[in-house]
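[1] need coordinates for the following:
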Amino acid sequence: MLTMTTDPKLLEWMLDSDPALRWRFDRHLVGAPPEVWQATRARVNTEGCGARLLALHDVDSQ
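    Next comes the predicted model:
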């Protein structure tokens, strides 16, 4: 198994990010429990770049 050490300042910076990215950091780098990263992932549709992308969809989802 590969073990990686992440600089605490870098990790703090990554965790202070858009929910579309944050949930992946929580899940894969931090090893947060599912209820933590799933709650963050649920915010993707309503916050940040995920919400902006969805707002650009027209009625036929293009």
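[2] the lowest-mean-pLDDT helix or strand in the chain: how far from the chain's middle?
    Least confident helix or strand of the chain, by mean pLDDT, DSSP states H and E, is helix 8-15 with a mean of 89. Offset of helix 8-15 from its chain centre (C-alpha atoms, centre = their mean, to the nearest Å): 13 Å.
[3] oh, and call the first residue 29 from now on, that's how I've got it
    With the count now opening at 29, the last piece we talked about shows up as helix 36-43.
[4] so which elements touch whatever helix or strand comes next after that helix?
    Moving toward the C-terminus from helix 36-43, the next helix or strand (DSSP states H and E) is helix 47-52. Contacts defined by 3 or more C-beta pairs under 8 Å, 6 or more residues apart in numbering; DSSP states H and E place helix 47-52 against helix 36-43, helix 62-70, helix 76-83. In short, each C-beta sits where N, CA and C put it, glycine included.
[5] reformat those as JSON lines; add distance to residue 53.
    Below are the helices and strands packed on helix 47-52 laid out as JSON lines (distance: least, C-beta to C-beta, whole Å):
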{"stretch": "helix 36-43", "distance to residue 53": "5"}
{"stretch": "helix 62-70", "distance to residue 53": "9"}
{"stretch": "helix 76-83", "distance to residue 53": "14"}
